[in-house]
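Engineer: Kindly generate the corresponding structure for this input.
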Amino acid sequence: MNMKKNSFVFGMALLAIFNILGKVFGAIYRIPLAKFLGPEGMGVYQLIFTIFALILTLTTTGIPVAVSKLTAEFDVSKKASSKTLLLTANIFVLSISLIACLAVFLFADKFATFQGYPDAYFCYYAILPAILLSGLISVFRGYFQGKLKMFPTAFSILVEQVVKLVMGLFLIKKLAYRGINYATFGALLGISASELVAFIVIFTIFLFSHKEKEKLKSKFEMGFKSIFKLLLKTSFPVTVSGIILPLSSVIQSFLVVKILSKQMDISVATGLLGIESGVVAPLLNFPVAIAIALSTSLMPTLTSLIAKRETDKVEKTILKAHKIVLSVSLVSAVCFAVFAGQIVDILFSKTLNVENFLIAVKLVSLSSINIVFLSLIQVETGILHAIGNMKFPAISLAIGTVVKLTLSAILLSLPSINIMGIIIAEIIAFLLIFILDYYMVKKYTKFRIFSVYKSVVIQAALIALISFISNKMFIEIFSEKIAFMLAGGIVVLIYIISYYLMFIREKRTSVLVMKELKN
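Structural biologist: Numbers count the residues shown, from 1 in each chain. Next up, the predicted model:
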C-alpha cells in the first residue's frame with residue numbers, strides 16, 4: 001500500500017499511533033495521580049474536571065470538524081481563503097473561551113460550595129489557562145487536518161499528554177505538603193501547562209509550515225461574515241452530538257446508582273458503576289481510537305475528493321476505510337473476548353477484589369462487540385460529514401441514546417442482569433446507530449457493507465480460533481500472563497500476514513491485472 005503523506009491511510013496510521021501513545025501516557029498518569037491525591041483528592045479533581053470537560057465540549061467538538069471540512073472544501077473550490085477561515089474560527093472560539101473563563105473565575109466559589117467542597121474553590125483557577133488555550137489548539141488541529149497534514153495534530157496530542165504527566169506530578173509533589181486541595185490545584189495546573197506547551201508546539205509548526213500562495217481576498221466569493229455563518233451552520237450539529245454523550249453518561253450513572261441501590265448496598269452499586277466506567281470503558285477506548293483516527297483523516301480526504309468530483313476515488317476510499325476499520329475492530333473484539341481475564345488481571349489485579357474482578361471480566365468480554373459498532377459509527381459519521389450531512393449523525397446518536405437509557409433502566413431493574421444491563425443496552429443502541437448511519441451513507445453512495453465483510457470475517461474467525469487454542473495451550477505450560485504475551489505475539493504475527501494478503505498483495509495483484517489489460 002502506497003502510504004503517501006497526503007493519503008488518508010498514512011494520516012490514520014499516524015494519528016492512531018500517537019493517539020494510542022497519548023492514551024498510554026494518560027493511563028500511566030492516572031496511577032500515581034490516584035496514589036498522591038488519594039480518594040478525596042481524586043474526588044475533588046473529578047468534580048472540577050467535569051466542568052472543564054463540559055466547556056471543552058463546546059469549544060473543541062464542533063468547530064475543529066467544521067474547520068477541517070471547510071478548509072478541505074475551500075482549498076479545492078477557492079470560494080474562500082482557508083487562512084480567513086482559520087482566523088474566523090480562532091476569534092469565535094477565543095470569544096467563547098473568554099466567556100467561559102470569566103464565568104468560572106466569578107462563580108468558582110459557588111461551584112465549589114454546590115459540589116460540597118467550598119475550600120477547594122481556588123482549584124478552579126488552575127484550569128483557566130487550559131480553557132483559554134484548548135479551543136485554539138483544536139482549531140489549528142482542524143486546519144491542519146483539512147490540509148491533510150496529520151502530523152501537527154498527532155504530535156501535539158502526544159506532547160500534551162507527556163507534559164501533563166511530568167508537570168502534573170511535579171506540581172503535586174511540590175504542593176502536597178500544604179494539603180489535598182493544593183495537591184489537586186497542582187494536578188489541574190499541570191493540565192494548563194500541557195495545553196500551553198501543546199499550543200506553542202502547534203502554533204510554531206503553523207508559523208514554519210509552507211506558506212501557500214492564495215489569491216487576493218477581494219477575489220474570493222466569501223468574506224468574513226459569510227464564513228462565520230457557514231462555520232456556525234457546519235459546527236452546530238457536531239457540537240450537539242458532543243453534548244449528548246457526556247449528558248447521557250451523567251444520566252446513566254444516576255440510573256445505575258439509583259436502581260441498583262434498591263437491590264444492594266449503595267456502596268456496592270457505586271462500585272459496579274466504577275467498574276463499568278473506570279475499567280471497561282477505558283479499555284474499549286484503545287482500539288476505538290484507531291477508528292477515530294481513521295475518521296479524522298477520512299473526512300477531509302473525502303471532502304476534497306467530492307469537491308473535485310472524483311467519484312471513483314470517493315467510492316474506493318470509502319471501501320478501503322470500511323475494510324480497514326472492520327479488520328481492526330473485529331480482530332480487537334475477538335482479542336478482548338478471548339483475553340479478557342488476562343487483560344483485566346494485568347491492569348487491575350491490585351485494585352479489584354475477586355468478586356469485582358470476575359464482574360469486570362464478564363463486562364469486558366460482553367462489551368467487546370461494541371468495539372466493532374463504535375468503530376463503524378466513527379467511519380459512517382466521517383463519511384456523512386464529508387458529504388455535507390452534518391445533522392444526521394446527531395439525530396441517530398440522539399435516537400440511540402434514548403434507546404440506551406430506556407433499556408438500561410429496564411434491564412438494571414432485573415436482579416439477574418443488574419450491571420450487565422448497561423452493556424446489553426449499549427450493544428443494542430450502538431447497533432441501531434450504526435444501522436441508521438449506514439442507511440444514510442448507502443443513500444448517498446454506492447457502498448455496500450457486504451462487499452467487504454467476507455474477507456475480514458474470515459480473518460477474524462481465523463484469529464479467534466488461533467488465539468483461543470494457543471492461549472489454552474500456553475496456560476497449561478506457563479502462567480496466564482506469559483501465556484497472554486506468547487499467544488498475543490502469535491495473534492499479532494497472524495494479523496500482519498493476513499493484513500498483507502488482504503490489503504497489500506491484493507492491491508499489487510489488481511495493479512498487475514490492470515497493466516496486463518492495457519497491454
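Engineer: only C-alpha atoms for contact and neighbour calcs from this point on.
Structural biologist: Will do.
Engineer: Tell me where the stretch 101-250 of the chain has helices.
Structural biologist: Using DSSP state H, counting those that start in this stretch, the helices of the stretch 101-250 of the chain run over residues 128-146, 151-175, 180-208, 224-260.
Engineer: Quick check: pLDDT value at K215.
Structural biologist: pLDDT, the model's per-residue confidence, is 47 for K215.
Engineer: How about K219?
Structural biologist: As predicted, K219 sits at a pLDDT of 62.
Engineer: same check, this time on T406
Structural biologist: The confidence metric pLDDT takes the value 94 at T406.
Engineer: do you know which of the helices of the stretch 101-250 of the chain lies nearest L493?
Structural biologist: Counting by CA to CA, L493 lies closest to helix 151-175 out of the helices of the stretch 101-250 of the chain; the figure is 26.2 Å.
Engineer: Show me what counts as buried in that closest one.
Structural biologist: Residues of helix 151-175 classed as buried under the neighbour-count rule (16 or more other CA atoms under 10 Å) are 151-165, 167-169, 171-173, 175.
Engineer: Low-confidence ranges, the stretch 151-300 of the chain, go.
Structural biologist: Within the stretch 151-300 of the chain, the stretches falling below the threshold (pLDDT under 70) are 210-221.
Engineer: List the contacts of the spatially closest residue to A176 that is not a sequence neighbour.
Structural biologist: Nearest residue to A176, sequence neighbours excluded (CA to CA, 6 or more residues apart in numbering): A183, at 4.5 Å. Remark: with contacts taken as CA atoms under 8 Å, 6 or more residues apart in numbering, A183 is in contact with 37, 41, 171-177.
Engineer: of those residues, closest to I251?
Structural biologist: Sorting the contacts of A183 by how near they are to I251, with CA to CA, puts G41 at the top with 23.8 Å.
Engineer: Report the mean confidence score over stretch 333-347.
Structural biologist: When the per-residue pLDDT values of stretch 333-347 are averaged, the result is 89.
Engineer: What residues sit buried inside that stretch?
Structural biologist: Within stretch 333-347, the residues that count as buried by 16+ other CA under 10 Å are 333-345.
Engineer: Put together a markdown table for those, with secondary structure and distance to L486 on each row.
Structural biologist: Formatted as a markdown table, the entries for those read as follows, by DSSP: H, G, I helix; E, B strand; the rest coil; distance: CA to CA, whole Å:
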| residue | secondary structure | distance to L486 |
| --- | --- | --- |
| A333 | helix | 19 |
| V334 | helix | 16 |
| C335 | helix | 13 |
| F336 | helix | 15 |
| A337 | helix | 17 |
| V338 | helix | 14 |
| F339 | coil | 12 |
| A340 | helix | 15 |
| G341 | helix | 15 |
| Q342 | helix | 12 |
| I343 | helix | 13 |
| V344 | helix | 17 |
| D345 | helix | 16 |
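Engineer: Average pLDDT for the helix or strand hosting I427, rounded please.
Structural biologist: When secondary structure is defined using DSSP states H and E, the element that contains I427 is helix 420-444. Confidence over helix 420-444, taken as the mean pLDDT, stands at 93.
Engineer: any idea which helix or strand comes after that helix?
Structural biologist: Proceeding C-terminally, helix 420-444 gives way to helix 450-477 as the next helix or strand, assigned by DSSP H and E.
Engineer: buried ones in that following helix?
Structural biologist: Across helix 450-477, burial judged by 16+ other CA under 10 Å covers 452, 456, 459-460, 462-464, 466-468, 470-472, 474-475.
Engineer: OK, contacts around S470?
Structural biologist: When contacts are taken as CA under 8 Å, 6+ apart, S470 is in contact with A487.
Engineer: Kindly state the pLDDT recorded for it?
Structural biologist: On the pLDDT scale, S470 gets 91.
Engineer: Give me the residues contacting stretch 79-96.
Structural biologist: Counting by CA under 8 Å, 6+ apart, stretch 79-96 makes contact with 59, 63, 67, 70-71, 74-75, 132, 135-136, 139-140, 143, 214, 217, 220-224, 227-228, 231, all of which sit outside it.
Engineer: related to what we said a few turns ago, could you tell me which other helices and strands the helix holding I427 packs against?
Structural biologist: For helix 420-444, the contact count by 3 or more CA pairs under 8 Å, 6 or more residues apart in numbering; DSSP states H and E identifies helix 354-367, helix 369-386, helix 392-412 as packing neighbours.
Engineer: ok, residues contacting it?
Structural biologist: Helix 420-444 has contacts (CA under 8 Å, 6+ apart) with 363, 366-367, 369-370, 373-374, 376-377, 380-381, 383-384, 392-393, 396-397, 399-401, 403-405, 407-408, 411-412, 447-448.
Engineer: Can you list the low-confidence ranges for the stretch 1-150 of the chain?
Structural biologist: 1-9, 30-31, 34, 38-40, 43, 115-116.
Engineer: if you set the cut-off to 80 instead, what comes out?
Structural biologist: The stretch 1-150 of the chain contains residues with pLDDT under 80 at 1-16, 19-20, 22-47, 49-50, 77, 111-112, 114-117, 120.
Engineer: quick one on the thing from earlier: most widely separated two among the buried residues of helix 450-477?
Structural biologist: Greatest spatial distance in these: V452 and I475, 34.8 Å, computed using CA to CA.
Engineer: which element is the closest residue to K446 other than its chain neighbours on?
Structural biologist: Nearest-residue entry for K446: E315, 6.9 Å, with adjacent residues in sequence omitted and distances by CA to CA, 6+ apart. In the assignment (DSSP H and E), E315 maps to helix 311-338.
Engineer: Please apply the same query to G22.
Structural biologist: Using DSSP H and E, G22 sits in helix 8-60.
Engineer: name the helices or strands packed onto that helix?
Structural biologist: Counting by 3+ CA pairs under 8 Å, 6+ apart, helix 8-60 packs on helix 82-114, helix 128-146, helix 151-175, helix 180-208, helix 224-260, helix 281-307.
Engineer: let's see 7 Å
Structural biologist: helix 128-146, helix 151-175, helix 180-208, helix 224-260, helix 281-307 (3 or more CA pairs under 7 Å, 6 or more residues apart in numbering; DSSP states H and E).
Engineer: Give me the buried stretch members for the last one, please.
Structural biologist: In other words, helix 281-307. Buried, per 16+ other CA under 10 Å, within helix 281-307: 283-307.
Engineer: what separates L330 from A464, distance-wise?
Structural biologist: In this structure, L330 and A464 are 10 Å apart, going by CA to CA, to the nearest Å.
Engineer: picking up where we left off before, for G11, which of the helices and strands packed on helix 8-60 is the nearest?
Structural biologist: When the helices and strands packed on helix 8-60 are ranked by proximity to G11, the top entry is helix 281-307, at 5.6 Å, counting by CA to CA.
Engineer: orientation of that closest one relative to helix 311-338 in degrees?
Structural biologist: Here helix 281-307 points in a direction 170 degrees away from that of helix 311-338 (axes from the mean of the first three to the mean of the last three CA atoms, to 10 degrees).
Engineer: how many neighbours does I266 have?
Structural biologist: Close neighbours of I266, defined as other CA atoms under 10 Å, add up to 15.
Engineer: Skipping adjacent residues, who's closest to it in space?
Structural biologist: V257 (6.8 Å).
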